[in-house]
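> predicted coordinates and the sequence they were generated for:
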Amino acid sequence: SSLSSTSQLNDAKTLVQEYRVGSEPPGTTNEKVQQAMQLYKSAFHPDSGELQNVFGRMSFQVPGGMMITGAMLQFYKSVPQVVFWQWFNQSFNALVNYTNRNANSPSSTKQLGVAYFSATFSALGAAIGLKKVLEK
């Protein structure tokens, strides 16, 4: 779904909704419904039904994570590089977690902020600490 256009995703949502009430267009095949269902489930939030941010979707988790991991392995020589890539990684993780959160259990902005800063500073402390220990 990361490569599908918004109109393709909305068309898939419409077909799934029509199929669920038995009013899909005549001649619609099971294969077409299955493809639409796959797109729908990968791009729309299961609780709210909202279209998810493309970078926060689970279908982007692996390619996004691979790119970030590659960058973290490439740029580790200086503390500013480590700080930037740890921050970027934690921000990506926070986006994915927020996008895929349980929308039926609301979180306050304060809770989200505390969780984000705790995770980010823990990752920074571990990465910089390990870098310093391993340099010796």
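That came in fine, so what should we check first? Numbering: from 1, shown residues only.

> what count of nearby residues applies to the residue lying closest to Ala115 once chain neighbours are set aside?
Residue nearest to Ala115 in three dimensions, not counting chain neighbours: Ala94, with 7.7 Å by C-beta to C-beta, 6 or more residues apart in numbering. C-beta: built from backbone N, CA, C; applies to glycine. For Ala94, the tally of surrounding residues (other C-beta atoms under 10 Å) stands at 17.

> alpha carbons only: can I get whichever strand or helix holds Ala94 in PDB?
Assigned by DSSP states H and E, Ala94 falls within helix 79-99. Written as PDB, here are the backbone C-alpha positions of helix 79-99 (Å, rounded to 0.1, in the frame of the first residue of the first chain):
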ATOM      1  CA  VAL A  79      28.500  12.000  18.400                       C
ATOM      2  CA  PRO A  80      26.400  14.500  16.300                       C
ATOM      3  CA  GLN A  81      25.800  11.700  13.700                       C
ATOM      4  CA  VAL A  82      24.800   9.200  16.400                       C
ATOM      5  CA  VAL A  83      22.500  11.800  18.000                       C
ATOM      6  CA  PHE A  84      20.800  12.700  14.700                       C
ATOM      7  CA  TRP A  85      20.200   9.100  13.600                       C
ATOM      8  CA  GLN A  86      19.000   7.900  17.000                       C
ATOM      9  CA  TRP A  87      16.600  10.800  17.100                       C
ATOM     10  CA  PHE A  88      15.400  10.100  13.500                       C
ATOM     11  CA  ASN A  89      14.900   6.400  14.300                       C
ATOM     12  CA  GLN A  90      13.000   7.100  17.500                       C
ATOM     13  CA  SER A  91      10.900   9.700  15.700                       C
ATOM     14  CA  PHE A  92      10.100   7.100  12.900                       C
ATOM     15  CA  ASN A  93       9.200   4.500  15.600                       C
ATOM     16  CA  ALA A  94       6.900   7.100  17.300                       C
ATOM     17  CA  LEU A  95       5.200   7.900  14.000                       C
ATOM     18  CA  VAL A  96       4.500   4.200  13.300                       C
ATOM     19  CA  ASN A  97       3.300   3.600  16.900                       C
ATOM     20  CA  TYR A  98       1.100   6.600  16.800                       C
ATOM     21  CA  THR A  99      -0.400   5.800  13.400                       C
END
